[in-house]
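A.B. asks: This is the structure alone, sequence omitted:
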């Protein structure tokens, strides 16, 4: 799927793999100049080498307190403004509530919610100026059905609420704020769960809860993110779009 982002600038966090990589590639294909943000400089550079609209690589760890300032100063220094912000970066700590650590809770909420909020704030004025768009990547885990994903689910539930609040607060500025909540998507993020429970068992058992009968792909999530970021969704704001094959309908 393609959208017209000619002349636009965008930031994508968690852009070194999976959904974030797919989003960055689609934005670039549509004509946007994209800032790729993630921890791995090597992986970002490899992706950037495939892009055609002078991408910007920002290797930064969002768990560090100065990360937001480093990202915003680098982006605005290079781009001079911003049209699209995609908050995709996330950490997941799959721990039973009886064994979860405070450190795991703090890191999960910090990266997945606090830093996403702070990036929205850091880029507020440039987005007001461009009447831009924010898309937050949340999760169907926010429904509470994630089992041992308590901290992750709470962080994504908070991001859903933040999406709606910012949409209302910034509508008068012309900024649209939406979210995409993926379900079962075949990305590297499932690696720890595969190791813990067995990949074959996870793939076969988890998909039973999906009416469409299969795992989703990163490109299918990126399609919806790019739609919401584009002018095609000019009258859409404050929405949480679940892209989950019908899983949360059951």
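C.D. replies: Yes, it's here. None of the values given here were measured: they were computed from a predicted structure.
A.B. asks: Can you tell me the centre-most residue of the protein?
C.D. replies: Closest to where the C-alpha atoms of the chain average out (CA atoms, centre = their mean) is residue 88, at 1.8 Å.
A.B. asks: if I look at it, how far off is residue 21?
C.D. replies: Counting by CB to CB, to the nearest Å, the separation of residue 88 from residue 21 is 9 Å. For every residue, glycine as well, the C-beta is placed using N, CA and C.
A.B. asks: any chance you could map the helices in this structure?
C.D. replies: Taking DSSP state H as the test, the helices found in the chain are 18-29, 41-48, 67-79, 102-109, 115-122, 124-130, 150-170, 191-197, 199-206, 218-229.
A.B. asks: Buried deepest among those, which one?
C.D. replies: Mean neighbours per residue, mean count of other CB atoms under 10 Å, is largest over those for helix 18-29, with a mean of 25.
A.B. asks: mind checking how far that one is from the chain centre?
C.D. replies: 11 Å (CA atoms, centre = their mean, to the nearest Å).
A.B. asks: Report the rounded mean pLDDT for that helix.
C.D. replies: Across helix 18-29, pLDDT averages out at 98.
A.B. asks: tell me the angle of that helix relative to helix 218-229?
C.D. replies: Orientation of helix 18-29 against helix 218-229 (axes from the mean of the first three to the mean of the last three CA atoms, to 10 degrees) gives an angle of 60 degrees.
A.B. asks: which helices and strands sit right next to helix 18-29?
C.D. replies: Judged by 3 or more CB pairs under 8 Å, 6 or more residues apart in numbering; DSSP states H and E, helix 18-29 is in contact with strand 9-13, strand 33-38, helix 41-48, strand 84-87, helix 218-229.
A.B. asks: just to revisit the earlier point, which ones are touching the residue nearest to the centre of the chain?
C.D. replies: 12, 13, 14, 15, 19, 20, 23, 137, 225 (CB atoms under 8 Å, 6 or more residues apart in numbering).
A.B. asks: any idea how far residue 125 is from it?
C.D. replies: Remark: distance between residue 88 and residue 125 (CB to CB) = 22 Å.
A.B. asks: Kindly report the same for residue 224.
C.D. replies: The value you get for residue 224 to residue 125, if CB to CB is used, is 27 Å.
A.B. asks: Please apply the same query to residue 186.
C.D. replies: With CB to CB as the criterion, residue 186 and residue 125 are 38 Å apart.
A.B. asks: Can you find the helix or strand of the protein with the lowest average pLDDT?
C.D. replies: Within the chain, no helix or strand scores below helix 191-197, which has a mean of 79 by mean pLDDT, DSSP states H and E.
A.B. asks: for residue 141, what are its contacts?
C.D. replies: Shown in contact with residue 141 (CB under 8 Å, 6+ apart): 149, 152, 153, 156.
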